[in-house]
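K.L.:
Show me how the following folds:
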Amino acid sequence: MGCSSCSSGKDGQPKGCKNNGTCGTDGCNKLTVFDWLSNMSLPSGAKPFHCVEIRFKNGRKGFFKNTENLSLSIGDIVATEASPGHDVGIVSLTGELVRIQMKKKKVELDSDDIKKIYRKASQKDIDIWQKSRDREEKMKVRSREIAIRLELQMKISDIEFQGDGSKATFYYTAEERVDFRQLIKEFAHEFSIRIEMRQVGFRQEAARLGGVGSCGRELCCSTWLTDFRSVNTSAARYQQLSLNPQKLAGQCGKLKCCLNYELDAYIDALNEFPKPETKLHTEKGVAVCQKIDIFKGLLWYAYEGEWMNWHKISAEHAGEIIAANNNNEKVASLEEFASELLEDTKMDFENVVGQDSLTRFDQPKRSSKRRRKNRNKRKNTNKGSSDKQTVTAKSKGGNSENKNSNRSKNQRNKRHRSRNKNNDKS
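P.N.:
Below you'll find the model as predicted:
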């Protein structure tokens, strides 16, 4: 129903995070619109706009009339009119911005296709809605098994239950027209529910399912992009991109929508360049364009027959040569203009971010000379320690001999003294 930050009011009805149409954790709504009029009050005597935008599963939205004049805010769960029964959705936009969105999507205000809001959803409505949502994943797996068994060339991408649980809509993609009459019979027998099949394109499928693109951000079609314009390979050619289908294709298998974002800027920039098919006639020979750098405003030309030698010329100089050729005049050579474009190979690097080298924690490799010196030092220290051990051993041996000689002398002196005493007594 929403993210964990959405608070709940009485009877367990979620209030919403009240973040002006955008979710703080980006888990509540897709294709949200920032309500910049939420903090502004209506002038005196003005009535609020009677239509409300309501979001259902994934990015499916619709406009509904608030005939009961309910006080609705972004995030409220309401029960809306459906055929048959009722559906349950979340209010995604209110106020005057709904009028602008309806005008943008060309929806008439007094159209009979705009259905009405019954009431705010009760706890019973929310429980039935949640139980039916829990069944969708299991039904998706089982429905794909049935479609494979019937050998139908189609892919069931998503299932959406109606709020009252009386109907399920199966979204599928297919390259060709599919006869799914037998499939509907088996679905009705298997799931005991009213079935509706709805075919969507590959771009619409990616928008419903969502995901992360190669740029590291969420898909544009599932977050903010509402209109799908056709993308041609000429957009990649204008932007000097390699025609690699693996890099240019999105998750839908088609060309990426972002190829059209900067296309107008590239086309305007290319108007200042000469056409690539225009040849430069010089006295040295005829030069053909090989490459264009739009950002630096440079072109690379090569003489016919000398395709390996490229000459770099600015767009202004190329225009001067073409103007001279139009007047039946020839320039001496391209080297005259290319010699002025001398690059400064000196590059001043500055640590702006404050990051150091990535290899600052790696241990530097020791050279062979240092290793030899360390080995010699170890050998010398080992020799010195062995010499010290021999000297200490000798000194210890000499000390022991001196001690033994002193002991023997003392014993001899004691014997002489005892003998002298005996002679005196006698």
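
K.L.:
Can you spell out the domain ranges of the chain, please?
P.N.:
10-37+48-123, 135-206, 229-271, 274-338 (automatic domain parsing).

K.L.:
Compute the distance from the centre of the shortest one to the centre of its chain.
P.N.:
Averaging C-alpha coordinates over domain 229-271 and over its chain gives two centres that are 19 Å apart (C-alpha atoms, centre = their mean, to the nearest Å).

K.L.:
How about the longest one?
P.N.:
For domain 10-37+48-123, the separation from the chain centroid amounts to 29 Å (computed by C-alpha atoms, centre = their mean).

K.L.:
tell me the centre residue of this structure?
P.N.:
Central residue of the chain (C-alpha atoms, centre = their mean): residue 216, 1.1 Å from the mean position.

K.L.:
and that residue, that's in a helix?
P.N.:
No - using DSSP: H, G, I helix; E, B strand; the rest coil, the assignment for residue 216 is coil, not a helix.

K.L.:
ok, back up a step: rank the domains of the chain by mean pLDDT and give me the bottom one.
P.N.:
Mean pLDDT is lowest for domain 10-37+48-123 among these, at a mean of 81.

K.L.:
my read: residue 82 touches residue 165, true?
P.N.:
No - Residue 82 is beyond contact range of residue 165, at 11.5 Å (criterion: C-beta atoms under 8 Å). Every residue, glycine included, has its C-beta placed from N, CA and C.

K.L.:
one step back: please determine how far the residue nearest to the centre of the chain is located from residue 167.
P.N.:
Separation of residue 216 from residue 167 (C-beta to C-beta, to the nearest Å): 38 Å.

K.L.:
try residue 337
P.N.:
Distance, residue 337 to residue 167, by C-beta to C-beta: 72 Å.

K.L.:
again, but for residue 121
P.N.:
Distance of residue 121 to residue 167, computed by C-beta to C-beta: 17 Å.

K.L.:
Residue 259 reaches residue 234, doesn't it?
P.N.:
No - when contacts are counted by C-beta under 8 Å, residue 259 is not listed as touching residue 234 (9.7 Å).

K.L.:
Which one's more surrounded, the two?
P.N.:
Set side by side, residue 259 and residue 234 show more neighbours around residue 259, with 19 against 10, by other C-beta atoms under 10 Å.

K.L.:
State the three-state secondary structure for the more buried one.
P.N.:
helix.

K.L.:
and it, what is it in contact with?
P.N.:
Neighbouring residues of residue 259 by C-beta atoms under 8 Å, 6 or more residues apart in numbering: 231, 235, 236, 239, 248.

K.L.:
go again using 10 Å as the cut-off
P.N.:
231, 232, 233, 234, 235, 236, 238, 239, 241, 248, 250 (C-beta atoms under 10 Å, 6 or more residues apart in numbering).

K.L.:
In those, find the pair that's most separated.
P.N.:
Using C-beta to C-beta, the two most remote members of the contacts of residue 259 are 238 and 250, lying 18.7 Å apart.

K.L.:
re the thing from before, residues bridging contact with residue 82 and residue 165, i.e. touching both?
P.N.:
Residues within reach of residue 82 and of residue 165 at once, by C-beta under 10 Å, 6+ apart, are residue 88.
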